[in-house]
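In: just the structure for this:
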Amino acid sequence: MNDEVIWTDLTATDVAKRLAETGTPVSVHVVEQLFEVTGFGRRQAQKTCSMGEHPDRNAQFLRIAEFKKEYFDSLNPLLSIDTKKKELLGNFYRDGKLFTKATIGTFDHDFPSFAKGVVIPHGLYDLKLNRGYLHLGTSHDTSEFACDALEDWWWRFGRLLYPQATTLLLLCDGGGSNSSRTYLFKAALQAMVNRIGLPVRVAHYPPYTSKYNPIEHRLFPHVTRACQGVMFKSVALVKELMEKTQTRTGLNVVVDILDRVYETGKKVAEEIKRTLNILRDSILPLWNYQMLPISKFS
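Out: Okay, the predicted model is just below:
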């Protein structure tokens, strides 16, 4: 606990009882008034204390701000991407309340062995148009899955919304299926870039700062709200629920299913690493780079 924060886990009833034991009897209502007057309130702990801070944190945030301004002022798309928490399919408890005539019963444990499967929502958020795109995977959260979701977005929406695009900016975390440290994401991204023929610029957020990735506060909380309290019995139901996501500021979401099996534990061959057409920035090259298409005739 923070020594500067005064706290107690006693209830107003507990405090009134202890005061009475010390010779100062008061009602519970008076204790509640005293709590209010002295600034005490029932508060829940908040995840505001960072577990660490990279020395280049601020420098990378400034770099990302430069990229965002450049792309906002251009005809090129600006996307924030990430994978939402994996969910078990079946009669499993989920936070939230519903209007019902009777209590809804769920399993008392979240054992994967009782699940009918899993659903993994990969999200893309278009910062310029305030639009969300979700691809529901049923296998594993891999780099191939992330790049397949991005490619599907480009062919179906991106090239129509940005017909004059010459490049694309991705804002993403530094770990998971789009890790900045491994070659798995870069190899999958290179294959995708070759197919769509469009260079992709990548900017990774520093460690411990994933909450600043725009998709985390512009899309995912609203998706969670649209699904609250409903048991995920099937992928089709998850799709139907998430398609209802919307806000007063005009956010709408397109949801599709990527029902493909993605293998885990893959390794990138040294030959593929050498052939990557990657152009790293002079500023923080681990987090900032461009993936350029490789011509079939080169």
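In: hey, let's count contacts and neighbours off CA atoms from now on
Out: Will do.
In: partner residues bridging Val202?
Out: Leu170, Tyr289 (DSSP bridges).
In: number of nearby residues for Ser234?
Out: The local packing of Ser234 (other C-alpha atoms under 10 Å) involves 15 other residues.
In: so it is in contact with Gly90, correct?
Out: Yes - Ser234 lies in contact with Gly90 (C-alpha atoms under 8 Å); the separation is 7.2 Å.
In: in the chain, which spans are strands?
Out: 78-83, 87-89, 117-126, 131-137, 168-172, 200-204, 252-258, 278-280, 288-291 (DSSP state E).
In: orientation of the longest one relative to strand 168-172 in degrees?
Out: To tie it back to what came earlier, the one meant is strand 117-126. 130 degrees (axes from the mean of the first three to the mean of the last three C-alpha atoms, to 10 degrees).
In: what does strand 117-126 contact?
Out: Here strand 117-126 makes contact (C-alpha atoms under 8 Å, 6 or more residues apart in numbering) with 77-90, 131-141, 146, 149-150, 214-215, 218-219, 235.
In: before we move on, what about stretch 248-264?
Out: Outside stretch 248-264, the residues within contact range by C-alpha under 8 Å, 6+ apart are 130-142, 144-145, 149, 235, 239, 242-246.
In: just the buried members of the contacts of strand 117-126?
Out: Buried by 16 or more other C-alpha atoms under 10 Å: 77-84, 86-90, 131-141, 146, 149-150, 214-215, 218-219, 235, out of those.
In: below-threshold pLDDT in the protein: ranges please.
Out: 1-5, 47-52, 296-298 (pLDDT under 70).
In: okay, domains of it per the record?
Out: Per the record, the chain has its domains at 1-45, 57-291, by automatic domain parsing.
In: and among those, the most buried is which?
Out: Ranked by mean neighbour count, these are led by domain 57-291 with a mean of 17 (mean count of other C-alpha atoms under 10 Å).
In: same list, the strands of the chain, but as TSV with distance to Asp110 please.
Out: Formatted as TSV, these follow (distance: least, C-alpha to C-alpha, whole Å):
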stretch	distance to Asp110
strand 78-83	21
strand 87-89	8
strand 117-126	12
strand 131-137	20
strand 168-172	29
strand 200-204	33
strand 252-258	24
strand 278-280	42
strand 288-291	39
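In: tell me which of the ones you listed lies nearest to Leu19.
Out: strand 87-89 (48.0 Å; C-alpha to C-alpha).
In: the closest one: how far from the chain's middle?
Out: Centre-to-centre, strand 87-89 and its host chain are 17 Å apart (C-alpha atoms, centre = their mean, to the nearest Å).
In: likewise stretch 257-276?
Out: What separates the centre of stretch 257-276 from the centre of its chain is 22 Å, taken as C-alpha atoms, centre = their mean.
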